[in-house]
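[1] Below is the structure, and that's it, no one-letter string:
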Ligand SMILES: O=C[C@H](O)COP(=O)(O)O
């Protein structure tokens, strides 16, 4: 039985005060959400303040990125995975499409970040997904397969037990155009098959695969009803506590 994960990626939004206020507003609204893991990913500067205020609650913290280097050193502008952990994070988003597109992150770089995150004891949430042009060209599965193989290179069987994958078709992010539950299910089941082929059948059954891309309170239940969708990585709809709480507390039938 895979425990669902509902994660809110706040991207580059909110000052510290607003981050803390949103987290505190969210806390009572999801306090009874025992059916899933609840995660929020504030900007780096707000992680410590938010984590301190959420201590003892069922809301966990994720970083939105981490450095590829494991050792501290002369890497201006970078934040090491163990520094995120030190600030109160237990997860980290790796390889988000916005980083792949706008900051030229390659699978090689993303793979180093995966290794760094795991070495620091963080659970990485590896983001993968095709662009609209790739989908229209009929190469969505090939792209996703490449991102899985590249992102997970040289991870051990035990490392693979501690990762989460988020399938986020780029054409569905921030566009209001969600993949249908059937489209998402099709790709999630493909991802699980690739994982089983490349790594291990048993581990693939335990792998949690989240969907991301215009998830809202009115479409979450349909997505979660699919057999291979184990949760959601939510952007815009996670910024407001009440809306995000409605997603966390989706109708489970
Ligand atoms: O990380 C979250 C995704 O980019 C989805 O963002 P969105 O829910 O605003 O489409």
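    Perfect, thanks for sending it. Remember, predicted model here, so these are calculated numbers, not experimental data.

[2] tell me the mean pLDDT for stretch 50-57?
    Mean pLDDT, stretch 50-57: 98.

[3] Work out the gap between that stretch and the centre of the chain.
    For stretch 50-57, the separation from the chain centroid amounts to 20 Å (computed by Cα atoms, centre = their mean, to the nearest Å).

[4] now do stretch 7-26
    Its chain's C-alpha centre lies 16 Å from the corresponding centre of stretch 7-26 when counted by Cα atoms, centre = their mean.

[5] Determine how far the last residue of it lies from the first.
    13 Å (Cα to Cα, to the nearest Å).

[6] For it, buried residues please.
    7, 8, 9, 10, 11, 13, 14, 19, 20, 22, 23, 26 (16 or more other Cβ atoms under 10 Å). Quick note: C-beta positions are derived from backbone N, CA and C, even for glycine.

[7] Give me the subset of these lying in strands.
    Using DSSP state E to define strands, the subset of these located there is 7, 8, 9.

[8] Ignoring the adjacent residues along the chain, who's closest to the last one?
    It stands for residue 9. residue 41 (4.8 Å; Cβ to Cβ, 6 or more residues apart in numbering).

[9] in stretch 159-176, what counts as buried?
    Quick answer for stretch 159-176 (16+ other Cβ under 10 Å): 159-160, 163-173.

[10] Quick test: name the residue nearest the centre of this protein.
    residue 125 (4.3 Å; Cα atoms, centre = their mean).

[11] surely that residue meets residue 233?
    Yes - Residue 125 lies in contact with residue 233 (Cβ atoms under 8 Å); the separation is 6.8 Å.

[12] hey, what's in contact with both of those two?
    Listed as contacting both residue 125 and residue 233 by Cβ atoms under 8 Å, 6 or more residues apart in numbering are 7, 93, 166, 210.

[13] got the contact list for the second one?
    Residue 93 is in contact with 7, 9, 41, 62, 63, 64, 65, 124, 125, 127, 166, 233, counting by Cβ under 8 Å, 6+ apart.

[14] neighbours around residue 211, how many?
    32 (other Cβ atoms under 10 Å).

[15] what about the closest residue to it other than its chain neighbours, neighbour count?
    What sits nearest to residue 211 in space, not counting adjacent residues and going by Cβ to Cβ, 6+ apart, is residue 184, at 4.8 Å. Neighbourhood size, residue 184 [other Cβ under 10 Å]: 25.
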